[in-house]
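Chemist: 3D model of this:
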Amino acid sequence: MSRITDTAHTLARWHTDGDTPDLDAARRTVLHALDIEETSEVLYRDLLHIEWTAKNPTALRRTVARLQQMARTYDITLDSLTEDTVNLVLSDRPSPVTTG
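Modeler: From the prediction side, this is the model:
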């Protein structure tokens, strides 16, 4: 992983964990990093978790579409963890509760 991906992933987790998550800050961090590292599955998984926690189905569908388009464009086979994350967030299961 590149330093950009590592840093953005760490910041996104920092903004989403704990008693007072800042999902907007986490989202901005990940989206900015994806503009630079557009093939980072870790960042897509972060964004999926952020939008799932925010209960934002429109953003979830948009993120999945962006991820799938990226995979087609670069002829990338997605990791099983990424596929599992996509299946989870698109299921009818409730989003996780963030605890500190």
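Chemist: which residues touch the residue sitting nearest the centre point of the chain?
Modeler: Central residue of the chain (CA atoms, centre = their mean): Leu47, 2.0 Å from the mean position. Residues in contact with Leu47 (CB atoms under 8 Å, 6 or more residues apart in numbering) are 27, 30-31, 34, 63. In this view, the C-beta of every residue, glycine as well, is placed from N, C-alpha and C.
Chemist: Of the residues you listed - the most surrounded one?
Modeler: Counting neighbours by other CB atoms under 10 Å, Val30 comes out on top of those with 29 neighbours.
Chemist: can you pull the pLDDT of that residue?
Modeler: At Val30, the pLDDT value in this model is 98.
Chemist: Quickly note the distance from Gln68 to Arg61.
Modeler: Counting by CB to CB, to the nearest Å, the gap from Gln68 to Arg61 is 11 Å.
Chemist: now swap in Met70 and tell me
Modeler: From Met70 across to Arg61, the span is 15 Å (CB to CB).
Chemist: In terms of packing, which of the two has more residues around it?
Modeler: Each of Met70 and Arg61 has its neighbours counted (other CB under 10 Å); Met70 has more, 17 against 13.
Chemist: quick one: contacts for that one?
Modeler: Residues near Met70 by CB under 8 Å, 6+ apart: 38-39, 44, 76.
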